[in-house]
Structures are given as structure tokens and as C-alpha cells.
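> Give me coordinates for this.
(one chain, ligands or ions: 1)
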Amino acid sequence: MTLRIEIDDLAKYFGAIKAVDGVSFSVSKGEVLGFLGPNGAGKSTTMKMITGFLTPTRGTVRVCGYDVLTDPISVKAHLGYLPEGAPAYADMTPDSFLKFIAEIRGIKGADRRRAVDSAAERARITNVMYQPIETLSKGYKRRVGLAQSILHNPPVLILDEPTDGLDPNQKHEVRTLINEMAEDKAIIISTHILEEVHALCTRNVVIANGKVKFDGTPQQLESKSRYYHAVVVNVANVEQKAFETFLNSLPFVAQVEPVEGAGFRVYPKDGQQITADLSEKIRENGWSIDALHAEAGRLDEVFRSITMPSTGAKN
Ligand SMILES: Nc1ncnc2c1ncn2[C@@H]1O[C@H](COP(=O)(O)OP(=O)(O)OP(=O)(O)O)[C@@H](O)[C@H]1O
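Model (predicted):
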């Protein structure tokens, strides 16, 4: 595991506002870290500090071993950054914009053409290279931004809400692009779109009020849901009360609740998988199963419980 991004006790205060307040995590090559949190949680501020656009109040950021405070130029050379929203320079074409960025990054001559062509190809914008950026659709604008961020083939990518405001097709395309790049890079994407936890991320950090509330895999995040591994089950020709009593008597069952017109939802003890055991016990009784399916965790519920624990949801 090659560590590419190391963040230690990072903080940024704007006067009395503690936008980021002691954040620590690291990202390795091959990881796509989904940085989740509600509006105002501190995601953009953290990303701006990683990329050297904002100076931390406290703490350190290292990118590929370089400290962002003492070696900002090496840090910028090793990372690509897609800021929130669309790229500036709306009256430029993608071709002139990318050539301009290449120039700033010190890529010259034939290398410049090669870098622009390769980034344009990977971001799938070759068909709009000579059209003013302001006339492009949101999806294409975002892809121009992505092309800009990968122009120098950086080992680290920081993407701030890369799919925000895109339609489902455009979202899918941008996610595919990110997945394609994931293998040999360390990537952080900030998002509040929960479906991206599965579509994109190998790990998630959830922040709220400037502090890390969760750091783990998408599955670990999902397993915090009270619905994780719960099973909805119904049987034919059995009196409902008798069936409920039977379910409650099973050793692996923690709780049973009726589901309107669809039998019962059965919560397992200790989050274990109970589908097979449950179906076996029902068949032992000679009952025939009408419906039986396991539920996934509900990320919206987990997200709420982690970022707003006062709602009383399970944490
Ligand atoms: N330049 C600034 N001056 C003062 N306060 C700021 C500044 N930048 C951000 N903040 C505040 O810091 C907090 C964190 O903001 P940040 O933009 O990092 O959140 P975010 O998680 O990216 O939110 P969103 O999902 O809405 O983009 C917010 O309360 C915000 O108002």
C-alpha cells in the first residue's frame, strides 16, 4: 500500500467558524475515497487545504511525501484538482484552455500536444475541442474540468463534487471515467450523492461540523443501518399471530415488526445473515414461503444518524 495523501489534525478556522476541526485520514494508491458530509460540513475547505489553495490554521498535509506548506510546488505537480462547479475561462475553447493549463504546468512542445490529446481522449471531449466552453452542456463542462485535472497524469486526484448537477447519463459517464482512472491513482471525491458510495468509492470518510464521524468501507458504512441484513418474510396459509410468535422464538432473531400487507421484517441479532437459517426453520414447520428477501442497509438513514445524531437514529 503506497500512501499518497496523509492528513494529520488538519484545521481551518474562519474567525469563530471552525470549518475544519482536527481532521486526520490517509489515502493510498488504488483507493477512491468518498468524502461525504452535509452542506457546510467542511469538505471543500479540506480539499482546498490539500491542494494548497488555503493555508491551514493547524495540522499537516502530505501528498506523495511532500508537505503542502514547505513544498507546495511539488505537491501541485503531483496532484490534479477539479474545483466545485465549472471551469473558468468560459470564452476559451477546450483546446485553448487545455493548452493554456499545459503551459502553466510547464509542459512544452510536442509533449503539450500529446498531453492535451490524451487528456481530451480520456475525458471524452475530442468532439467539442474547438467550441467555446460557455456553449457546452454542464456534463461536457465538467469533463473539460476533468481533462484539466488529469493533463499532467498526476498520481493524486482531488475532485470536488464531480457529478453534482449532472443528469443521470452524464453522472454515469463521469463515474465511468473516474473508475477507469482509479487503478493507478489515489482519488478523493467529495459528494453528498449517496449512490456514489457504491458506484465509485472503495472507502468513505464522513464529516460533519468539521470533524470526522466515520472512516471505513462502503459495506461498513451500510452495516451501521438498522435495516442491514434485515429480512422481509411472508408465508402462505398461516395465521399471522402464530407466525409472528414463531419468528420471535428463533434464537438468531432480535426483533420482528409487521410490514403492511407483506408479512414481517425480521432483524437479526448482531447484524448476521439469517436468510438461509430462517428459510430452513420455516420449511421445517411445513409452511410454504410466499416472499423472503434480505434488505441492504439504508445509506440515507446512516448518513442522518452519523451527521445528525440528535435525531435519535441508530449510530
Ligand atoms: N472563506 C470563508 N469565510 C468564512 N467562512 C467560510 C469560508 N469558506 C467556508 N466557510 C464556512 O466553513 C464551513 C464549511 O464550508 P465548506 O464549503 O468547506 O463545506 P462543504 O462541506 O464543502 O459544503 P457544501 O457541501 O455545501 O459544498 C461553512 O460553515 C462555511 O460557511
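
> The closest residue to residue 50 other than its chain neighbours in helix, strand or coil?
Leaving aside its chain neighbours, residue 50 sits nearest to residue 61 (5.2 Å; criterion: C-beta to C-beta, 6 or more residues apart in numbering). For glycine as for every other residue, the C-beta is placed from the backbone atoms N, C-alpha and C. For residue 61, the secondary structure call by DSSP: H, G, I helix; E, B strand; the rest coil comes out as strand.

> From the ligand, how far off is residue 61?
15 Å (C-beta to the nearest ligand atom, to the nearest Å).

> Buried residues in the lowest-mean-pLDDT helix or strand in the chain, which are they?
Sorted by mean pLDDT, DSSP states H and E, the helices and strands of the chain end with helix 196-199, the least confident at a mean of 85. Neighbour-count burial for helix 196-199 flags 196-197, 199 (criterion: 16 or more other C-beta atoms under 10 Å).

> Show me which of those is closest to residue 303.
If you rank the buried residues of helix 196-199 by distance to residue 303 using C-beta to C-beta, residue 197 comes first, at 9.1 Å.

> count of residues packed around the residue nearest to residue 50?
21 (other C-beta atoms under 10 Å).

> what about whichever residue of the stretch 101-250 of the chain sits closest to the ligand, neighbour count?
Closest residue of the stretch 101-250 of the chain to the ligand, C-beta to the nearest ligand atom: residue 192 (5.8 Å). Counted by other C-beta under 10 Å, the residues lying close to residue 192 total 16.

> what residues are up against it?
36-39, 161 (C-beta atoms under 8 Å, 6 or more residues apart in numbering).

> do residue 203 as well
Neighbour list for residue 203: 27, 31-34, 215-218 [criterion: C-beta under 8 Å, 6+ apart].

> Of those residues, which belong to helices?
Per DSSP state H, helices hold the following members of those: residue 218.

> hang on, the earlier thing: considering only the buried residues of helix 196-199, which also neighbour the ligand?
Residues of those in contact with the ligand (C-beta under 6 Å from any ligand atom): none.

> picking up where we left off before, farthest pair within the contacts of residue 192?
38 and 161 (13.0 Å).

> the more surrounded of those two?
residue 161 (22 against 16).

> Within its sheet, name the partner strands of the helix or strand that the least confident helix or strand of the chain is followed by and how each one runs.
Going down the chain from helix 196-199, the next helix or strand is strand 203-208, by DSSP states H and E. Using DSSP bridges, strand 203-208 pairs in its sheet with strand 32-36 (parallel), strand 211-216 (antiparallel).

> tilt between the helix or strand following the shortest one and strand 211-216?
Scanning the chain past strand 32-36 towards its C-terminal end, the next helix or strand to appear is helix 43-50 (assignment: DSSP H and E). Note on geometry: by axes from the mean of the first three to the mean of the last three C-alpha atoms, to 10 degrees, helix 43-50 and strand 211-216 are set 80 degrees apart in direction.

> Just confirm yes or no for helix 43-50 near the ligand.
Yes - applying C-beta under 6 Å from any ligand atom, one finds helix 43-50 in contact with the ligand at 43-45.

> Could you identify which of those residues has the most neighbours?
Counting by other C-beta under 10 Å, top hit in the residues of helix 43-50 next to the ligand: residue 43 with 26 neighbours.

> what sits against it?
35-37, 160, 190, 207.

> try it again with 6 Å
35, 37, 190 (C-beta atoms under 6 Å, 6 or more residues apart in numbering).

> I'd like the residues you listed as a markdown table, with neighbour count, pLDDT and distance to residue 129 appended.
Converted to a markdown table, the contacts of residue 43 look like this (neighbours: other C-beta atoms under 10 Å; pLDDT from 0 to 100; distance: C-beta to C-beta, whole Å):
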| residue | neighbour count | pLDDT | distance to residue 129 |
| --- | --- | --- | --- |
| 35 | 29 | 94 | 31 |
| 37 | 26 | 91 | 36 |
| 190 | 26 | 92 | 28 |
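
> which of those residues are close to the ligand?
Within the contacts of residue 43, those near the ligand by C-beta under 6 Å from any ligand atom are residue 37.
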